[in-house]
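Undergrad: Take this sequence and fold it.
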Amino acid sequence: MTSRRSTLLPEIQALRALAVALVLGYHFWPGIVRGGFVGVDVFFAVSGFLITAQIVREAQREGTVRLGRFWAKRARRLLPASLLVLAVVAAAIFVVVPRSLWQQFFVEVATSALYAQNWLLAANSTDYLAAQNAASPVQHFWTLSVEEQFYLVWPILILAAVFVAGRVGRRGSLTAITITIGAVTAASFAYAVLLTAAIPSVAYFDTFARMWEFGAGGLLALAMGRAGRVATGGGPGLRAAVSWAGLALVVGSSLLYTGATPFPGLAPAAPVIGALAVIWAGLPAPAWSPAAVMRLRPVQFAGDISYALYLWHWPLLILAGYVVGGSAELGVLPKLLLIGATVALAAATTRFVEDPIRRSTSPTLRRPLGAFAASALGMLLVAGIAASGWGLVQRDVLRTNELADELQAAGGECFGAAALTTPAPGCTPGPLESIVPAPAAANTDRPDIYTDECRSQPTDPVVRACEFGGNSTGLRVALIGDSHAASWFPAIESLALNQGWQLHTFFKATCAFLSAERIKVDSNPRVESSCRQWNRDLSTRLADAEPYDLVFTAHYAAIGSAVDASGEPPEQAAIDGFRSAWTPLIERGAQLIALRDTPAPGAEGVTCLQENPSAPSLCDFPLTGSLADDRSQRAAAGLDGAHAVDMTDYFCPDSTCRAVIGDVFVYRDADHFTATYSRSLAGPLLREFAGSSTALVGLLGDGGPPPN
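TA: Prediction:
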C-alpha cells in the first residue's frame, strides 16, 4: 500500500481537531452544537482508515500480521494517558463527589479501565434501575472501549483473510482483505440500522453497530492503496470542492442533528462520508480550498493533542459541577476557564506522557510482553482504586442494614412512619449518624423483588411472579404494578409475614396494571407494546389461577395520560382501563386496594440530599405540585370491591414532604421511597385500609396486632 508521506497527514490532524471541537462544543454548549456527538463518528472513520492502512502494509510486506507487536503498539499509544486520567478521576471522586454516587461512579471507572464501559452503558440503557443514573466523569470512555475492541478484532480479521487467501501473492491477499472488510462493514451497517429501529439505546453503544464506521475508513484506505495515489481520478479543483463538501457534511450534521435523531442507524453516514471525503481530497492546491486552514498551527496543534483533549474535557466539566454544587449551572466564564484547563492538561499529557512512552526505546516497553505487563499493571491499579471506593459503599450498606434492624427493634414506636403517630411528648430526631439508610447507601435501598426472577424490564413482556410470606390464614394476596408498586413491597411483605398471608408479586417496570388497548402508556413504542402484551398475558394468567382474596396495586401516576385512537376523554379512558383490568379479579372474590401514587421530590430533591447530607431538613419540599393526579383513585372510588387508599399524610405531614421521618431517609431517588421507610409503613398501611369497608374487616378478621 502506498502512502504519500511518512509523517502524520495534516488533513487527518485537521479532522481530529474538528472532531474534538465538535464534541467539546456539544458537551459545553449542547443547546448550540446539538449534534456535536458526530465528532465521535469522525474519530471512528479516521481510526479505521489509519489502522487498516497500517495493518495492510505489514500484511503485504511480511505476508502476515504480528498481532503481539500491533497490540503492544496500540497499548503504548493509548493506555498511558487514559489510565492517568482514570486514576486522577478516581482520586477526585473521593474528594468532591457525594458518597451517594460513589458506587455508580467507581463501577464505571473500573469498567473504563478494562475497556468495557460501552457494554455497561448499553446494559444500563435498558435497565430501569439505571434510568436515573447521574452522568459520571468517565462516561465518555465508552468510545475508547469501542476503539480498543476494534483494535483487538480488526488485525485478526485481516490476518484471517490473508490466511484464507493462501498467501497466493499480494494481489490475492489484498482482494481477500477487501472482501472481508467489505462484508463486515455491510453486515455491521445493516445490524446498526435494524438495532437502532429496535433498541436505539443499546445500538448507540454496541461495538458491532459502530464497526461499519471503522470499516468505511478501512475500505477507503484499501481503495487509495490500490490506486497508488490519493487523488487518482480527480483534479485539484474537484478535490477542493470535495474537501469543502466533506467538511460541510460533518459540520452540517453537528448543527442539524439533535438528541432525538435516531442514532446510530443511517445518521452517522453523513459525518463518516464527510470525513472520508476530506481524507480522499488531501490538501488541494487551489487557493480557495480548505488546505490553508488545515495547515494552520493552532489547527494542527489541536489535532496533535486531540486524544488528550477528549480524555480530559468531560471529567473536568462533570467534577467542576460538584465543586460548585451539583445543582448549579456553570456560566460562560467558568466554562471557558475549564476549556483552558483542558487544553493545558492535554498539552502536558501529550508532551510528558503520551509521546515519551510511545517513542520510548526501552527494551521492556518495546517488547509485547513488557508492554502488556505494564498495561495490565496500570489497569489493575485503577480498578483497585475503584474497588476500594466501591467497598466503602458496601460497608455503608451493611452498616445501614444492621443499624436499621437495631433501631426498628429497639425503638419501633419512633422509627420511620411510626414517629408520625406517636403521641406526645413524641419522638425526637436522633443524631445524624443514626439516620438510615446512610446517604451513600440510599440509592441502593431497594425492594428485594428487583431481581431478574421477579421483575420484567420495560421492553420485556414476559410475566414473572414471585412468592413470599406464609399461608397460615389461607389468604392469597397479590401485589401488581410497576416500580411504584414495587416500592410498597417491603411494607406488604412485612404484613404477609405478620398476618400469615401468601403473597405473590407481578412487577413490570414502567407498566401500570390496566387494560391499555386505547391508552398511551409510554412514549417508546417498544415499551408500550411490551406493556400491553404483559397486561394481556397477566390477565389470562390471573384468570386461570386460584382466586386472590386481596390485591394491592399502584403505579406511576403519569402513566395512562393520553388516548391513542379513541375520542374518549383521556381521564375517562384511563379510569375505564383500570376498571377493565380489575373487574375480573373482583368478580372472583378479591378486594382490590388501589394505593395512590406518592409525592415525588424530583431530581432537585435528590441533588439537594447529595449536597446537604448533614442537613437533610433543607431538602423538605411542599406537597403542592409534587403530587400527581392519580386516576386509579377515581377508578377505585366508583367500583364495588375496589378501595382507594391515600398514604400521602405519611410522607407529607402538615403539607410538607419530609426528607427524613423517624430517623429514616424517605426517598432513594427522584420518585421512589426507600425500602427501609417502606417497611416502617406496614402498620400504618394496615390501619388505613383494614377498616375502610365491612368487606375488608370481614376478610381480615382479627389478624393480630398491626406490625410496627
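
Undergrad: Tell me who's in contact with residue 24.
TA: Counting by CB atoms under 8 Å, 6 or more residues apart in numbering, residue 24 makes contact with 36, 309, 313, 339, 342. For the C-beta atoms, the positions are set from N, CA and C on the backbone; glycine is no exception.

Undergrad: Pick out whichever of the residues you listed sits closest to residue 406.
TA: Set against residue 406, the nearest of these by CB to CB is residue 313 (46.5 Å).

Undergrad: could you dump stretch 575-587 to CSV, C-alpha only?
TA: C-alpha atoms of stretch 575-587 as CSV (Å, rounded to 0.1, in the frame of the first residue of the first chain):
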residue,chain,number,x,y,z
ILE,A,575,-60.4,5.1,34.5
ASP,A,576,-62.1,2.6,32.2
GLY,A,577,-58.7,0.9,31.6
PHE,A,578,-58.1,0.4,35.3
ARG,A,579,-61.6,-0.9,36.0
SER,A,580,-61.4,-3.3,33.0
ALA,A,581,-58.3,-4.9,34.4
TRP,A,582,-59.5,-5.0,38.0
THR,A,583,-63.1,-6.2,37.5
PRO,A,584,-62.3,-9.9,36.7
LEU,A,585,-60.4,-10.2,39.9
ILE,A,586,-63.1,-8.5,42.0
GLU,A,587,-65.8,-10.7,40.3
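
Undergrad: How about residues contacting it?
TA: 512-516, 518-519, 535, 539, 542-543, 547-548, 551, 553, 560, 568, 592, 594, 631-632, 634-636, 638-642.

Undergrad: if you set the cut-off to 7 Å instead, what comes out?
TA: Applying CB atoms under 7 Å, 6 or more residues apart in numbering, the contact partners of stretch 575-587 are 513-516, 519, 535, 539, 542-543, 548, 551, 560, 592, 631-632, 634-635, 639, 641-642.

Undergrad: rewinding a little: of the contacts of residue 24, which is the nearest to residue 528?
TA: Among these, and counting by CB to CB, the member closest to residue 528 is residue 36, at 30.8 Å.

Undergrad: wait, what's in contact with the closest one?
TA: Residue 36 sits in contact with 22-23, 25-26, 254, where contact means CB under 7 Å, 6+ apart.

Undergrad: And for it, nearest residue in space, chain neighbours not counted?
TA: residue 26 (2.6 Å; CB to CB, 6 or more residues apart in numbering).

Undergrad: From residue 81, how far out is the one you found?
TA: 21 Å (CB to CB, to the nearest Å).

Undergrad: ok, residue 63 - how many residues close by?
TA: 12 (other CB atoms under 10 Å).

Undergrad: can you start the count at 349 instead of 1 from here on
TA: In the new numbering, first residue 349, that becomes residue 411.

Undergrad: Show me the domain layout of this protein.
TA: 358-737, 795-949+977-1002+1023-1048 (automatic domain parsing).

Undergrad: Need those in TSV (columns: mean pLDDT).
TA: Below are these laid out as TSV (pLDDT from 0 to 100):
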stretch	mean pLDDT
domain 358-737	91
domain 795-949+977-1002+1023-1048	86
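
Undergrad: Of all the ones you listed, which one comes closest to residue 1011?
TA: Of all the domains of the chain, it is domain 795-949+977-1002+1023-1048 that lies closest to residue 1011, at 9.8 Å by CB to CB.

Undergrad: What is the end-to-end distance of the closest one?
TA: Using CA to CA, to the nearest Å, one end of domain 795-949+977-1002+1023-1048 lies 25 Å from the other.

Undergrad: what's the answer for stretch 938-956, then?
TA: Start-to-end, stretch 938-956 (CA to CA) is 42 Å.

Undergrad: follow-up on the earlier one: in helices, which of the contacts of stretch 923-935 fall?
TA: Secondary structure from DSSP state H places 883, 887, 890-891, 979-980, 982-983 of the contacts of stretch 923-935 in helices.

Undergrad: Considering these, which possesses the most neighbours?
TA: Going by other CB under 10 Å, residue 980 tops these with 30 neighbours.

Undergrad: so that residue touches residue 942, yeah?
TA: Yes: with contact defined as CB atoms under 7 Å, residue 980 counts as touching residue 942 (4.6 Å).

Undergrad: Can you tell me how far the closest residue to residue 784 other than its chain neighbours is from residue 1026?
TA: Closest residue in space to residue 784, ignoring its immediate chain neighbours: residue 752 at 4.4 Å, by CB to CB, 6+ apart. From residue 752 across to residue 1026, the span is 12 Å (CB to CB).

Undergrad: These two: who's more crowded?
TA: residue 1026 (28 against 25).

Undergrad: chain center to the helix or strand hosting residue 531, what's the gap?
TA: Secondary structure from DSSP states H and E places residue 531 in helix 518-546. Distance of helix 518-546 from its chain centroid, counting by CA atoms, centre = their mean, to the nearest Å, is 29 Å.

Undergrad: Which positions within that helix qualify as buried?
TA: 521-526, 528-529, 532-533, 536-537, 539-541, 543-544 (16 or more other CB atoms under 10 Å).

Undergrad: Tell me the first helix or strand C-terminal of that helix.
TA: As the chain continues past helix 518-546, the following element, by DSSP H and E, is helix 548-551.

Undergrad: So which residues make contact with the host helix or strand of residue 845?
TA: Using DSSP H and E, the element containing residue 845 is helix 837-847. The contact list for helix 837-847 (CB under 7 Å, 6+ apart) reads 795, 797, 816-818, 821, 825, 827, 849, 851, 853, 900, 1023, 1026-1027, 1029-1030, 1033-1034, 1051-1052, 1055.

Undergrad: Which of those fall within helices?
TA: Among the contacts of helix 837-847, the ones falling in helices (DSSP H) are 1023, 1026-1027, 1030, 1033-1034.

Undergrad: out of the residues you listed, which is most surrounded?
TA: residue 1026 leads these on contacts (other CB under 10 Å) with 28 neighbours.

Undergrad: Pull up the gap between the closest residue to that one other than its chain neighbours and residue 880, please.
TA: Spatial nearest neighbour of residue 1026, chain neighbours left out: residue 838 (3.9 Å); criterion: CB to CB, 6+ apart. From residue 838 across to residue 880, the span is 29 Å (CB to CB).

Undergrad: Between these two, which has more neighbouring residues?
TA: Set side by side, residue 838 and residue 880 show more neighbours around residue 838, with 24 against 19, by other CB under 10 Å.

Undergrad: The more buried one and residue 1007: what is the separation?
TA: 19 Å.

Undergrad: One more: residue 383?
TA: 39 Å.

Undergrad: Compare those two and say which one has the larger neighbour count.
TA: Using other CB under 10 Å as the criterion, residue 383 and residue 1007 rank with residue 383 on top: 24 against 20.

Undergrad: could you say which helix or strand contains that one?
TA: If you go by DSSP H and E, residue 383 is not part of any helix or strand.

Undergrad: what's the answer for residue 416, then?
TA: helix 415-444.

Undergrad: Pull out the buried residues from stretch 583-591.
TA: Buried-residue list, stretch 583-591, by 16+ other CB under 10 Å: 587-591.

Undergrad: How many residues are close by residue 906?
TA: 14.

Undergrad: Spatially nearest residue to it (excluding sequence neighbours)?
TA: Closest to residue 906 by CB to CB, 6+ apart is residue 976, at 5.9 Å.

Undergrad: circling back to that earlier point, gap between the residue nearest to residue 784 and residue 1019?
TA: 22 Å.

Undergrad: Check residue 455 too.
TA: Residue 455 is 23 Å from residue 1019, by CB to CB.
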